[in-house]
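Visitor: Here is the input, now give the coordinates:
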Amino acid sequence: MIFAKIDYINLLPFHVYFKKNIKPSKIKAIVNSKKSYPADINVKFKKRKVDAAFISSIKSRGEKALDFGIIGKKEILSVLCIPGIYKEDFESSTSNVLAKILKCEGKVLIGDKALKYYISNDKDSFIDLGKLWTKKYNLPFVFARLCYNKHGDYLNKITKNFNKKAVKIPQYILKEYSLRTGISVNDIKYYLTKLDYKINEKEKKGLKLFLKLAKDIK
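Guide: As a prediction, this is how the structure comes out:
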């Protein structure tokens, strides 16, 4: 299996769990060269260059997917709109559309750089898109789904046993991400409390609504 890795902090609990639980004989590699940002991974997945990946919700329509993804139930901290002239984040697919649905004029920012911006700036200087979505629709927002071209049964078996609260991220990994991003270990830990991964009924309703609203966005 070739698993494309979105190398953001938001998937750190899953990657720690995944690496610990996969059987070497079952996986070809989590290839370093396949690490990338969401929009690029979407393209690789669509071209069948990877077997599985977290695919942006807006690009996951019609793909084989598990009830597993990247979910914000209230504020998300790492998907922001900075008021001003509208500018898309080239790393994003879903969040650019979300900003348009929510009628947010400004610069869209996602991922670790958005989290760093959230921590470093006055909270009145940006809009948390996950928080705004939840306030408007009273539903969680599914930013990405775990999709697969191959090995769906195996991935389903692994993700069924995933429990975010039970995943202990080694301190050396937290420090490694902290050094790389300039975000403190404590801020990383706090951020991870804002995320969920299991797509249940409310999450499905939120995803269905988003995809419906997205049809009217150009």
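Visitor: which parts of the lengthiest helix in the chain are buried?
Guide: Counting residues, the longest helix found in the chain (DSSP state H) is helix 201-214. Residues of helix 201-214 classed as buried: 203, 206-207, 210, 214 (neighbour count, 16 or more other C-beta atoms under 10 Å). Every residue, glycine included, has its C-beta placed from N, CA and C.
Visitor: Mind putting these into TSV with pLDDT?
Guide: Formatted as TSV, these follow (pLDDT from 0 to 100):
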residue	pLDDT
203	97
206	97
207	97
210	97
214	95
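Visitor: biggest separation within those, which pair?
Guide: 203 and 214 (16.1 Å; C-beta to C-beta).
Visitor: so which of the buried residues of helix 201-214 comes closest to residue 90?
Guide: Distance to residue 90, by C-beta to C-beta, is smallest for residue 214 among those, at 18.5 Å.
Visitor: And the closest residue to that closest one other than its chain neighbours, which helix or strand is it part of?
Guide: Among residues not flanking residue 214 along the chain, residue 97 sits closest, at 5.1 Å (C-beta to C-beta, 6 or more residues apart in numbering). Using DSSP states H and E, residue 97 maps to helix 94-101.
Visitor: what's that helix in contact with?
Guide: For helix 94-101, contacts defined as C-beta atoms under 8 Å, 6 or more residues apart in numbering pick out 38, 56-59, 79, 81, 86, 88-89, 106, 108, 110, 129, 133, 141, 143-144, 210, 213-214, 217.
Visitor: and if we set it to 6 Å?
Guide: If you take C-beta atoms under 6 Å, 6 or more residues apart in numbering as the criterion, helix 94-101 is touched by 56-58, 79, 81, 88, 108, 110, 129, 143, 213-214, 217.
Visitor: now do stretch 109-120
Guide: 8-9, 77-80, 89, 91-92, 95, 181-183, 187, 191.
Visitor: Return the distance of it from the chain's centre.
Guide: Relative to its parent chain, stretch 109-120 has a centroid offset of 14 Å by C-alpha atoms, centre = their mean, to the nearest Å.
Visitor: returning to that earlier point: let me see the mean pLDDT of the helix holding residue 97.
Guide: Regarding helix 94-101, the rounded mean pLDDT is 96.
Visitor: Beyond it, next helix or strand please.
Guide: Going down the chain from helix 94-101, the next helix or strand is strand 106-110, by DSSP H and E.
Visitor: relative to strand 106-110, how tilted is the very next helix or strand once past that next one?
Guide: Sequence-wise, the next helix or strand beyond strand 106-110 is helix 111-120, with elements assigned using DSSP H and E. On the basis of axes from the mean of the first three to the mean of the last three C-alpha atoms, to 10 degrees, helix 111-120 is oriented at 110 degrees to strand 106-110.
Visitor: buried sites along helix 111-120?
Guide: For helix 111-120, by 16+ other C-beta under 10 Å, it's 111-118.
Visitor: Fine by me, we can end here.
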